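A.B. asks: Here is my input, please return the structure:
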Amino acid sequence: MPLPCRVVLGVLVVTFGASGAHPQTLHRRLAVPGQFQSIQAAIDSARTGDTVLVAPGRYYENIRFQGQNIVVASEFILHHDPGLIDRTIIDGSRPRHPDSASVVLIYQFEDSTAVLEGFTLTGGKGTVWYDNKDKVPFREGGGVLVDLAGPTIRNNVIEGNEAILVAPGMLSAGGGGIRVGFADPIIEHNIVRDNRGRYGAGVVLFYAAAQLRNNLIVGNSGGEDFGGAGVWAVGHFSKRLRNVLENNTIVHNTARAHDPASPPPGPGGSAGGLFISNTILTMRKNIVWGNQQSNGAAIGFPRTRPPVLTDNVVEGRFPGRGNTDADPLFADSVVFRLSRKSPALRINAGWRP
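C.D. replies: Okay, here's the model as predicted:
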């Protein structure tokens, strides 16, 4: 049971204008564990615009937004102390059913005002999800699964999750950290690290139009079936909209070779940094460095046009205006800050912790 810390009481306030004729309802703040013993119970009681405010502690839950455009956040949103992210943990390792084991599910047309902020998300094993395109089930989204929605996911640490278990009749498993499908979320200022998936171990963007901005994507591994240990972006969501990858640092991810005795269903073991296929993608001011794969380069784009890359630092060189393959000269190997002599500073590339 989470340890109770400072309790912020929820309150519904009604105020009146000068005439007193038009009441304005201020949104409520629902406190966990002060008013509700679980995050999900608070979500179930929330209404549009409410904030579920979660005190530090470890919460063994697998939560769903239930179509609610609400804010679910730790006390980081009040104090902007990164330590509150580390101390407010949603642990998805004890799901009620093993086939619904994502830490967070957002899939009922929530928009950008549905916000997930200020948590460490860990222990997720993914959810069995029927793919409308391939008409076959996958296990996806160890940490977060987003489908048919456009939420905002920011200022979280998403680590130690996986989507790797493939049961009979299932094609594959991927999106160990985050899986986005047929959706247009904003994903910003997160650390996505040490997750596993048989494709897109860090982040999957499947038929998506996502904004992936200012994230650190590090130490994720897998890619045995379809490649892409850091980010895996496949398929058109819209002919007008595109995935935008901006100011991310994608480092030390590993796409592992498949088992020679069991041929993979796709380009397994390729593109340790970023796998791209049949999608519209703009990539600017990112760092892709120190990733490993069993074949090919860190950025792979089989059977598709090369993505538009500008002002990126990419190991192994990549064509495009302002791109460089100069060593980014990281000052540390934890959050990968840039040293003062980093060539990435000249083009404002990479994430900023």
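
A.B. asks: need the contact list for Gly272.
C.D. replies: By C-beta atoms under 8 Å, 6 or more residues apart in numbering, the contact list for Gly272 reads Gly223, Ala229, Gly230, Asn253, Thr254, Ala255, Asn291, Gln292, Gln293, Ala298. No exception for glycine: its C-beta is placed from N, CA and C like everyone else's.

A.B. asks: quick one: which helix or strand includes it?
C.D. replies: Applying DSSP states H and E as the criterion places Gly272 outside every helix and strand.

A.B. asks: burial measure for the nearest residue to it once chain neighbours are set aside, as a count.
C.D. replies: Spatially, and ignoring its direct neighbours in sequence, Gly272 is nearest to Asn291 (3.5 Å; C-beta to C-beta, 6 or more residues apart in numbering). Other residues lying near Asn291 total 25 when counted by other C-beta atoms under 10 Å.

A.B. asks: pLDDT wise, what is Pro2 at?
C.D. replies: In this model, Pro2 is scored at 40, pLDDT.

A.B. asks: whoops, I mixed them up, Arg139
C.D. replies: Per-residue pLDDT puts Arg139 at 97.

A.B. asks: Ok, Leu12 next?
C.D. replies: So Leu12 comes in at 34 (pLDDT).

A.B. asks: How about Asp259?
C.D. replies: On pLDDT, Asp259 comes in at 74.

A.B. asks: end to end, how far does stretch 328-337 reach?
C.D. replies: Separation of the first and last residues of stretch 328-337 by C-alpha to C-alpha, to the nearest Å is 10 Å.

A.B. asks: That one: which residues count as buried?
C.D. replies: Counting neighbours by 16 or more other C-beta atoms under 10 Å, one finds that the buried residues in stretch 328-337 are Pro328, Phe330, Val335, Phe336.

A.B. asks: Same check on stretch 165-175?
C.D. replies: Leu171, Ser172, Ala173, Gly174, Gly175.

A.B. asks: What are the contacting residues of that stretch?
C.D. replies: Counting by C-beta under 8 Å, 6+ apart, stretch 165-175 makes contact with 125-126, 128, 131, 134, 136-142, 145, 163-164, 197-201, 203-204, 222, 225-226, 232, 265-266, all of which sit outside it.

A.B. asks: filter the residues you listed to the buried ones?
C.D. replies: 125-126, 128, 131, 137-142, 145, 163-164, 197-201, 203-204, 222, 225-226, 232, 266.

A.B. asks: how about the helices in the stretch 51-200 of the chain?
C.D. replies: Along the stretch 51-200 of the chain, counting by DSSP state H, counting those that start in this stretch, helices occupy 76-79, 82-87.

A.B. asks: Take those helices and write them to CSV, including mean neighbour count and mean pLDDT.
C.D. replies: Formatted as CSV, the helices of the stretch 51-200 of the chain follow (neighbours: other C-beta atoms under 10 Å; pLDDT from 0 to 100):
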stretch, mean neighbour count, mean pLDDT
helix 76-79, 16, 98
helix 82-87, 17, 98
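
A.B. asks: My guess is the residue nearest to Gly272 contacts His252. True?
C.D. replies: Yes - counting by C-beta atoms under 8 Å, Asn291 does reach His252; the two are 6.6 Å apart.

A.B. asks: Contacts only, for the nearest residue to Ser342 once chain neighbours are set aside.
C.D. replies: In space, and not counting its chain neighbours, Ser342 is closest to Leu329: 4.3 Å by C-beta to C-beta, 6+ apart. Taking C-beta under 8 Å, 6+ apart as the contact definition, Leu329 lies against Leu338, Ser339, Lys341, Ser342, Pro343, Ala344.

A.B. asks: Selecting buried members of those residues in PyMOL, what would you type?
C.D. replies: Buried residues within the contacts of Leu329, by 16+ other C-beta under 10 Å, are selected in PyMOL with:
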select buried, resi 338+342+344
